[in-house]
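In: model this:
(chains A and B)
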Amino acid sequence: MIIYLFDSTNSKAANYLDQGGIEIWRKPQDVENMEVWDSLGRNPLERVDAMVLEISQITPQVNYLLAQAILLQKNTLCFYKKANPPRAFLMYLHKKNVPHCIQFKAYTDKALQGIVHNFLKHLKPSVALEEIPYIKFTLRVTDSIEKYLNWKSKQQKKNKADLIRHDIEKQMTDDEDYKKYLQKNKNNLTE
Amino acid sequence: MQANELKKVLLIYAGGPEFTAKSFNKWVNNFFELQMMAQVEPYFLFAGTGADITWQLAQDISQLIKTKYKSYDGFVIIHSLDNLIYTSSLVSFMIQKNTKPVIFTCATLPQDKEKFKKTGEAKNLPLENFELLAFKSNVISCMQMATMDIAEVAVAMGNNLVRAVKVKNNWQDIHNYTNNFKEDVLARIQFGIQLTAYARKSLHSSPHFYLQYDHQVKLLECYPGMTAEPDTTKDHGLFIKAYSGQQIPSNWHFSKDLAVYLYSAKESKMAWEVALAKFVWVLGQTKDKQKIKKLMSQNLAGEF
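Out: Numbering: from 1, shown residues only, chains lettered A, B, ... in the order given. Alright, predicted model coming up:
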């Protein structure tokens, strides 16, 4: 899958897209057969499967890319900073009934990964994405456990939650009974 | 962007019988992607076929631009592929010290669908609308260029924007409509529009319009063995196209009032079509042979 990314703010969108067999195009040098497109006089945007545009600042470049996305009916994620939405632009587009393949999402730094992953899942449900941790439950710990976690966190320069997640993930990997259980469940689903 | 923040562009149709005035206006007003780029006003100028185009069209376009110059930030002209090089070149000489983009493009781009399919890049392309998609995408690109700081009369063809007086017919590869010198390419369309260092920016305070031309010019191509002297009694100018000056028969004698221009393919830096357009324009400015000679050798529109 090829995705064109325009992001003048250098958010982490590129990092979140860079997985699951996704090829990211940002500049002409990223296009393998640019000379083919040039010789035929066609825009390489026609080749991409989707577009991701950071639109917090509405520039002529953003206008142009969005116009091409609409013309080419490309699945497009337009994301903008929640603290600074381009209100007038969004209202203008809303009145014009932009096609459903164009999505608009407000983001914060924390939420961006989830927004990008949801977009990718929508494009290709089978894409393998790095899992995002969410709050599931509250864990009470003893003073001695807390003391250990504080010490370990300083030693390994990781936060306490990451330490616990890492240890559990390792346990999951090493647990043969759990692996057999997962395989059995998978076989039951496919029968 | 708010509508009143968008630049104003006049979209002139001189592209052939595909549209009527009514259908063109409707097409532009319904072309939402175009309206995102600029405040676009359509102007239906000419609906003849490419074969019907004369030098007069260049004057009509230039006159229209002169009239509307202060009201718009840029101009896009949709023109037939036929005779595009002549019209755009003549307009280049008619509008000098230009401060705004004047972008020519084609109404119908030749699109080889089978060739494209063979490249393996056609995976996501709606091939049933192959030609229409290319045309609309091209017009959107031209509209974007018409809002940029490009003080040129230029032709947008394929993925390149080329100074009109540097365009050269290359029928083998229509999308490389240039003479292949990198300084002739003013912008490239690769994802977005990238201006090159050669695109002139607006430096002058106001343009100069020189709208006169003289169509009474005969074109003659030299070849070995031609001996019949051309009848130029009704002409003000004779444009001789030759590989070099040695091709002209030595027994030819011309009227002293006739301006004769020898185009040497071997030595000229201009395409012959551009040189012809310049000669037609120069004769509209003066009939004085010394002045004609001087103007033909001066770099008036970036043609050298």
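In: residues near residue A:87, how many?
Out: When neighbours are counted by other Cβ atoms under 10 Å in any protein chain shown, residue A:87 registers 9. C-beta coordinates here come from the backbone N, C-alpha and C atoms, glycine included.
In: got the contact list for it?
Out: For residue A:87, the contact set (Cβ atoms under 8 Å, 6 or more residues apart in numbering or on different chains) is empty.
In: and the closest residue to chain A within the stretch 201-304 of chain B, its phi and psi?
Out: Here the stretch 201-304 of chain B gets closest to chain A at one residue, residue B:201, 15.7 Å apart by Cβ to the nearest Cβ. Dihedral pair for residue B:201: phi -100, psi 170, per degrees, to the nearest 10.
In: so how many other residues sit close to it?
Out: 11.
In: with adjacent residues omitted, what lies nearest to it?
Out: Closest residue to residue B:201 apart from its sequence neighbours, by Cβ to Cβ, 6 or more residues apart in numbering or on different chains: residue B:149 at 5.0 Å.
In: element containing that neighbour, please.
Out: For residue B:149, there is no helix or strand it lies in under DSSP states H and E.
In: show the pLDDT at it.
Out: Residue B:149 carries a pLDDT score of 92 in this model.
In: looks like it contacts residue B:193 (just checking).
Out: No: when contacts are counted by Cβ atoms under 8 Å, residue B:149 is not listed as touching residue B:193 (11.6 Å).
In: looking at those two, which has the bigger crowd around it?
Out: For the pair residue B:149 and residue B:193, the greater number of neighbours falls to residue B:193 (21 against 14), based on other Cβ under 10 Å.
In: endpoint to endpoint, stretch B:26-39 covers what distance?
Out: 15 Å (Cα to Cα, to the nearest Å).
In: please see if it touches chain A.
Out: Yes: with Cβ under 8 Å from any Cβ of the partner chain as the criterion, chain A is reached by stretch B:26-39 at B:32-34, B:36-37.
In: of those, grab the buried ones for ChimeraX.
Out: Per 16 or more other Cβ atoms under 10 Å in any protein chain shown, the buried members of the residues of stretch B:26-39 next to chain A correspond to this ChimeraX selection:
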select /B:33,34,36,37
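In: nearest to residue A:105 among the residues of stretch B:26-39 next to chain A?
Out: Nearest to residue A:105 among the residues of stretch B:26-39 next to chain A, counting by Cβ to Cβ, is residue B:36 at 19.5 Å.
In: the residue lying closest to the closest one once chain neighbours are set aside and residue A:42, how far apart?
Out: Spatially, and ignoring its direct neighbours in sequence, residue B:36 is nearest to residue A:67 (4.8 Å; Cβ to Cβ, 6+ apart). Taking Cβ to Cβ, to the nearest Å as the measure, residue A:67 falls 16 Å from residue A:42.
In: show me which of those two is the more surrounded one.
Out: Between residue A:67 and residue A:42, residue A:42 has the larger neighbour count (other Cβ under 10 Å), namely 27 against 23.
In: show me where the chain has its strands.
Out: I'll assume chain A. A:2-6, A:23-25, A:50-54, A:75-81, A:102-107 (DSSP state E).
In: wait, chain B was what I had in mind.
Out: Under the criterion DSSP E, chain B contains strands at B:8-14, B:39-44, B:74-79, B:95-96, B:102-106, B:153-157, B:160-163, B:185-190, B:192-195, B:208-209, B:217-221, B:237-242, B:259-264.
In: I am finished for the moment; much appreciated.
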